[in-house]
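Colleague: fold the following, please.
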Amino acid sequence: MVTRRARLPSAVGVTLVCGLLAAGCAIPTQKDPSVISPSRVPAGLVNPAVATTTTQPPLKSQVQVKIFLLGPQNQLVAENRVVEVPAPLTSIITSMLAGPTLSELRQGISTAIPTDVAVLSVATQASVVTVNFNDNFGQITGSDTERAVAQVVATVATENGLNTGVTFEIEGQTISVPIASGAQVPGPVYLTQFAGST
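Modeller: Reported below is the predicted structural model:
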């Protein structure tokens, strides 16, 4: 009997101590959030580095060039275009073949070259540039032929130098083209031969 009574208080005491320890290890709770000082926040949680992903490729370098279209009186007019560097003559002529923008059309600017004309190749030798067009260039008739030639010559000469001559080809065959005097010449053709068109 004595031994049992002596052990009973000890068992109760151990149970109470364990209960208090367990209560001390519980996660504390509170009704409202509290502000933690930045000095107490573990490193890396304050202003963590945000991973960034580039979704668009970088823009290629571009350059502004001049092309020639026709003004309200069918005179040559220079317009700006933007093409990718290094801006080969093929790209510049192609931008001219696209014709006037909507804004330019509203200003009375036009072109003598139909939109189905395409440049097939451009070759430069010394101060002469040979421009090879598809067969649709040969479908241009009347005074539009002279104006179309003038547009090409002015665009090429502005890019390569005013003394640059232009030889015209259709599907690789050299053709004769009209100049301002009305004469048909096999080329090369120079901007000075269209002085009255500028």
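
Colleague: pull stretch 129-145 out as PDB, backbone CA atoms only.
Modeller: This file holds the C-alpha atoms of stretch 129-145, laid out as PDB (Å, rounded to 0.1, in the frame of the first residue of the first chain):
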ATOM      1  CA  VAL A 129      24.000  48.500-110.900                       C
ATOM      2  CA  THR A 130      22.000  45.800-112.800                       C
ATOM      3  CA  VAL A 131      18.500  45.300-111.600                       C
ATOM      4  CA  ASN A 132      16.700  42.100-112.700                       C
ATOM      5  CA  PHE A 133      12.900  42.300-112.500                       C
ATOM      6  CA  ASN A 134      10.300  39.600-113.000                       C
ATOM      7  CA  ASP A 135       8.200  39.600-116.200                       C
ATOM      8  CA  ASN A 136       5.600  41.900-114.800                       C
ATOM      9  CA  PHE A 137       7.900  44.900-115.200                       C
ATOM     10  CA  GLY A 138       7.600  44.400-118.900                       C
ATOM     11  CA  GLN A 139       3.900  44.800-118.700                       C
ATOM     12  CA  ILE A 140       4.200  48.500-117.800                       C
ATOM     13  CA  THR A 141       3.200  50.600-120.800                       C
ATOM     14  CA  GLY A 142       3.000  54.200-122.100                       C
ATOM     15  CA  SER A 143       4.400  57.100-120.000                       C
ATOM     16  CA  ASP A 144       4.300  54.900-116.900                       C
ATOM     17  CA  THR A 145       7.300  53.000-118.300                       C
END
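
Colleague: what sits up against it?
Modeller: Contact partners of stretch 129-145, identified using C-beta atoms under 8 Å, 6 or more residues apart in numbering, comprise 89, 93, 112-114, 116-124, 148, 152, 156, 160, 164-172, 175, 177-178. Bear in mind the C-beta positions are built from the backbone N, C-alpha and C, glycine included.

Colleague: tell me which residues of it come out buried.
Modeller: For stretch 129-145, the neighbour count (16 or more other C-beta atoms under 10 Å) marks 129, 130, 131, 132, 133, 137, 140, 145 as buried.

Colleague: what's the first helix or strand after the helix or strand hosting the fourth one?
Modeller: With the criterion set as DSSP states H and E, the secondary-structure element containing residue 132 is strand 128-133. Next in sequence after strand 128-133, counting helices and strands by DSSP H and E, comes helix 143-160.

Colleague: helices of this protein, start to end?
Modeller: Remark: helices assigned in the chain by DSSP state H are 2-25, 89-97, 102-106, 143-160.

Colleague: state the mean pLDDT of the last one.
Modeller: Just to be clear, that refers to helix 143-160. For helix 143-160, mean pLDDT is 96.

Colleague: next one: the shortest one
Modeller: Helix 102-106 carries an average pLDDT of 96.

Colleague: can you check the second one too?
Modeller: Per-residue pLDDT over helix 89-97 has a mean of 96.

Colleague: what is it packed up against?
Modeller: Contact here means 3 or more C-beta pairs under 8 Å, 6 or more residues apart in numbering; DSSP states H and E; on that basis helix 89-97 packs against strand 62-70, strand 76-84, strand 119-125, strand 128-133, helix 143-160.
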